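Engineer: my questions concern the predicted model and sequence given below.
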Amino acid sequence: MNEEPVPTQKKRGRKPIGDKAMDASERKLRSRRLQNEQGSVECLIRLSGGTLNFIDQLALANGASRSMVIEGLIDFAVARVALGVADAERVKSQGGSDEAAEAALKNAIEVTLRPGSVAKYKEVLGIK
């Protein structure tokens, strides 16, 4: 008789690194170690309910996670302040006064999103 080979089932889950599979805490520890090697730092922030609602709406609209939206907003704010610092340095290098350099810096910082701005943007966007 012609016997057909019995197909073997693949093992479920991730392939192990080393001899056996890591448990959840070992995977998380490895993930944190890799992120630290790449220069990432984990930090804890507290957000008000309105701010968190706004972030959730942005995440939903963009198909992103909360952490991606928060990271994007932080990157945006840091970039705005960095541009303000660069403007202030440019003003100073061109012989501008301290007041003019300070004005350039304040302009960049004041247009960066602040916690109080969230309520205004929520109203404009019609977010509850």
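Structural biologist: Cool, got the structure.

Engineer: helix or strand right after the longest helix anywhere in the chain?
Structural biologist: Looking across the chain with DSSP state H, the single longest helix is helix 66-93. Note on helix 66-93: by DSSP states H and E, the next helix or strand toward the C-terminus is helix 98-111.

Engineer: distance from the chain centre to that following helix, please.
Structural biologist: 26 Å (C-alpha atoms, centre = their mean, to the nearest Å).

Engineer: which strands and helices sit next to that helix?
Structural biologist: The contact analysis (3 or more C-beta pairs under 8 Å, 6 or more residues apart in numbering; DSSP states H and E) places helix 98-111 against helix 66-93. The way it works is simple: take the backbone N, C-alpha and C, and place the C-beta from them, glycine included.

Engineer: now do the helix it packs on and helix 98-111, the angle between them.
Structural biologist: 170 degrees (axes from the mean of the first three to the mean of the last three C-alpha atoms, to 10 degrees).

Engineer: could I get the buried residue list for helix 66-93?
Structural biologist: V69, I70, L73, R80, G84, D87, A88, V91 (16 or more other C-beta atoms under 10 Å).

Engineer: what is the burial count for N107?
Structural biologist: A count of nearby residues for N107, using other C-beta atoms under 10 Å, gives 14.

Engineer: I misspoke; the intended subject was R14.
Structural biologist: By other C-beta under 10 Å, 9 other residues sit near R14.

Engineer: do you know how far it is from R32?
Structural biologist: 17 Å (C-beta to C-beta, to the nearest Å).
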